[in-house]
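Enquirer: fold the following.
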Amino acid sequence: MRNPDPADAKPVELKRSLGYAGVLGQSIACVAPTATPAVNIALVFVAVGSGTWLVFLISTVAILLVSWNIAPLARSGSTTGSLSDFVGRGLGETWRIITGWILLLTYLSTAVAVLAACVGYLASLLAALGAVVPQPLLVGLVGGIASVLALRNVRVSTALMLGLELLSITLVLLLCAAILFRQGWVVDVSQLRIEGISFEGMNGTLLIGILSFAGFETAAVLGDEAKDPLRTIPRALFATPLLAGLFFVFSAYVLVLGFNHYGVNVSATETPLDVLADRIERPGLGILISFGATISLFGCTIATLLATSRVAYSLARDSALPTWLATVSERHFIPRNAVLAAVAVVLAAGISFASFAKPMDIYDWFGTFATFGFVSAYMLTCLSSPIVLRREGGLHPAQFAASVAAILVLSYVLFTSVYPVPSAPLNILPWLFLGLLGAGAGSSIRLRSRQSFHQSSG
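Expert: Numbers count the residues shown, from 1 in each chain. Prediction:
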């Protein structure tokens, strides 16, 4: 009897093991909801004051329009390629590869940004205990732990991420409840009148609002790992921005109420929630919020590593990246080599920048870089959605209107992010993004063409 030839063995594939909670955990963790009250709300408040809640309300509506375009595509078919596959179904193979590279650059950059922010909050907690640890070492330690978890079975990773996010959100809600308890359940008329808001300030902060939701679409990278992807993924794609939006608008309203009443100089501190907790005589809450932000950003680091690896795996499986990136672990059923490659890039960049830059500066640079990718990928998906739905006979006037509205809003947000031209080094980021995208997508298109040629000639 002939022994089986190893070359004839069926390759290991990703395993369908995730229920709705796991898919939702990936989506929520990548959004990192606690980072918005801890960082983004303060940034918006400095620019628009009492109009902060309105910025997040408008951003919520904009992202729900994007979700409205993505969800129908996810209901008709989902794979690990996420938005790149959705775009490819409507705009063709070349745009699928371009979108895949947009997502790779975006998720890698986001991973570096949230890892740096996580280290920044962790360093402040350690400093309060009298411990000073070099930032590059902290980046290596935190990134290493996140990497180990990303290499585990995806059920373990997503369950952990969802638990961390729920805990951190609870801590923010405790601070909001403490503020309302001290203030009484009163209506802040100055916020409802949107006093002091300017058109210019609104322009600059919409980008921050949109970025607060970035990553909600990563539920779609689990198309080959979800048990019922055509049902659970669309539900997560809608539930995440809706729940996050409600949380953002509510916390923005309450925190601004606290900033105004207690005279917190938000622009003069990097931890305004700590100061606010002190002013309401709940100093322990400030420490807990910092801890919550730390674990939320840690969960987001894992989530973005997972998303990066699945997009790389999808491209490699279709010969648009080296095929060794499509190897699946026989033990944990994950794209092991793709995860390791993502980890190597993120740790190298994170440690390098941590050696000379502050954590929040790294967060600003890499987060801004990622924003161009998120907005571009969302726009391409909204452009592809009506084409696919029309072809499948499911395009309705409301769906078409949602596509047009989403593209217009995203175009406006993208334009205001590059004009007026920001100061250095942010002014070079759009050109850097385009350069890396052109080099990466171009190499993948050539690689796939060569593979196709060899297969046809063979």
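Enquirer: drop to CA atoms for contacts and neighbour counts, all remaining ones
Expert: OK.
Enquirer: and the helix or strand harbouring Val256, what's buried?
Expert: Per DSSP states H and E, Val256 falls inside helix 229-262. By neighbour count with 16 or more other CA atoms under 10 Å, helix 229-262 contains the buried residues 229-230, 232-242, 244-245, 247-259.
Enquirer: where's Ala146 relative to Ala131, distance?
Expert: The gap separating Ala146 from Ala131 is 22 Å, by CA to CA, to the nearest Å.
Enquirer: who has more neighbours, the two?
Expert: Ala146 (21 against 10; other CA atoms under 10 Å).
Enquirer: surely that one is within a helix?
Expert: Yes: Ala146: assigned to a helix according to DSSP: H, G, I helix; E, B strand; the rest coil.
Enquirer: in contact with it, which residues?
Expert: 298-299, 301-302 (CA atoms under 8 Å, 6 or more residues apart in numbering).
Enquirer: inside helices: which ones of those?
Expert: If you go by DSSP state H, the contacts of Ala146 have 298-299, 301-302 in helices.
Enquirer: low pLDDT regions in this structure?
Expert: By pLDDT under 70, the low-scoring segments of the chain are 1-11, 185, 195-196, 198-199, 201, 452-458.
Enquirer: most centrally placed residue in the chain?
Expert: Gly215 (2.7 Å; CA atoms, centre = their mean).
Enquirer: what's near enough to touch that one?
Expert: By CA under 8 Å, 6+ apart, the residues touching Gly215 are 27, 30-31, 304, 374.
Enquirer: of the residues you listed, closest to Gly367?
Expert: Phe374 (10.3 Å; CA to CA).
Enquirer: that closest one contacts Ala214, correct?
Expert: Yes: the pair Phe374 / Ala214 is scored as a contact, 6.6 Å apart, by CA atoms under 8 Å.
Enquirer: still on that earlier bit, next helix or strand past the helix holding Val256?
Expert: Scanning forward in sequence from helix 229-262 by DSSP H and E, the next helix or strand is helix 272-279.
Enquirer: distance from that following helix to the middle of the chain?
Expert: 27 Å (CA atoms, centre = their mean, to the nearest Å).
Enquirer: when you give positions from now on, start the count at 316
Expert: OK, 316 is where the count begins now, so the last one is helix 587-594.
Enquirer: buried ones in that helix?
Expert: If you call a residue buried by 16+ other CA under 10 Å, then helix 587-594 has these buried ones: 587-592, 594.
Enquirer: what of stretch 334-342?
Expert: Of all the residues in stretch 334-342, those buried under the rule 16+ other CA under 10 Å are 334-335, 337-342.
Enquirer: dump those to a markdown table, plus secondary structure and distance to Trp680.
Expert: Below are those laid out as a markdown table (DSSP: H, G, I helix; E, B strand; the rest coil; distance: CA to CA, whole Å):
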| residue | secondary structure | distance to Trp680 |
| --- | --- | --- |
| Gly334 | coil | 35 |
| Tyr335 | helix | 34 |
| Gly337 | helix | 30 |
| Val338 | helix | 29 |
| Leu339 | helix | 28 |
| Gly340 | helix | 26 |
| Gln341 | helix | 24 |
| Ser342 | helix | 23 |
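Enquirer: between those, which sits nearest Val724?
Expert: Relative to Val724, the closest of the buried residues of stretch 334-342 is Ser342; by CA to CA it sits at 22.4 Å.
Enquirer: can you tell me the closest non-neighbouring residue to Pro637?
Expert: If the residues on either side of it in the chain are set aside, Pro637 comes closest to Ala631, at 5.6 Å by CA to CA, 6 or more residues apart in numbering.
Enquirer: distance of the one you found relative to Ala641?
Expert: 5 Å.
Enquirer: these two: who's more crowded?
Expert: More neighbours surround Ala641 than the other of Ala631 and Ala641, with 26 against 20 (other CA under 10 Å).
Enquirer: quick one: contacts for the residue nearest to that one when sequence neighbours are not counted?
Expert: Excluding the flanking residues, the one nearest Ala641 by CA to CA, 6+ apart is Tyr628, at 4.8 Å. Taking CA under 8 Å, 6+ apart, we find Tyr628 in contact with 395, 640-642, 650, 653.
Enquirer: want to try a markdown table for those, with distance to Ser582 as columns?
Expert: Conversion of the contacts of Tyr628 to a markdown table gives the following (distance: CA to CA, whole Å):
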| residue | distance to Ser582 |
| --- | --- |
| Thr395 | 41 |
| Leu640 | 45 |
| Ala641 | 46 |
| Thr642 | 48 |
| Pro650 | 43 |
| Ala653 | 40 |
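Enquirer: those, buried ones only, as a PyMOL selection?
Expert: Remark: buried members of the contacts of Tyr628, expressed as a PyMOL selection using 16+ other CA under 10 Å:
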select buried, resi 395+640+641+642+650+653
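Enquirer: quick check, nearest of the contacts of Tyr628 to Ile512?
Expert: Relative to Ile512, the closest of these is Thr395; by CA to CA it sits at 42.2 Å.
Enquirer: which residues touch the closest one?
Expert: 535-539, 625-626, 628-629.
Enquirer: now the two most distant members of the residues you listed.
Expert: Distance extremes for the contacts of Thr395: the farthest pair is Ala535 and Tyr628 at 13.8 Å, using CA to CA.
Enquirer: show me what the strand or helix carrying Ala721 is packed up against.
Expert: In this assignment (DSSP H and E), Ala721 forms part of helix 712-733. Judged by 3 or more CA pairs under 8 Å, 6 or more residues apart in numbering; DSSP states H and E, the packing partners of helix 712-733 are helix 367-391, helix 514-526, helix 674-707.
Enquirer: possible to save these as a markdown table with mean neighbour count and distance to Cys433?
Expert: Listed next are those as a markdown table, based on neighbours: other CA atoms under 10 Å; distance: least, CA to CA, whole Å:
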| stretch | mean neighbour count | distance to Cys433 |
| --- | --- | --- |
| helix 367-391 | 23 | 23 |
| helix 514-526 | 20 | 17 |
| helix 674-707 | 21 | 8 |
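Enquirer: and these: which comes nearest Ala739?
Expert: Between Ala739 and the helices and strands packed on helix 712-733, the tightest spacing by CA to CA is seen for helix 674-707, at 10.1 Å.
Enquirer: list the helices and strands that closest one packs on?
Expert: Applying 3+ CA pairs under 8 Å, 6+ apart, we find helix 674-707 packed against helix 367-391, helix 398-406, helix 408-443, helix 514-526, helix 712-733, helix 744-772.
Enquirer: what's the angle from it to helix 408-443?
Expert: Put simply, helix 674-707 runs at 150 degrees to helix 408-443, going by axes from the mean of the first three to the mean of the last three CA atoms, to 10 degrees.
Enquirer: looking at the contacts of Ala461, which is nearest Thr683?
Expert: For the contacts of Ala461, the nearest to Thr683 is Thr616 (16.4 Å; CA to CA).
Enquirer: so who does that closest one touch?
Expert: Neighbour list for Thr616: 345, 426-427, 429-430, 458, 461 [criterion: CA under 8 Å, 6+ apart].
Enquirer: related to what we said a few turns ago, which one of the helices and strands packed on helix 674-707 lies closest to Leu704?
Expert: helix 367-391 (7.9 Å).
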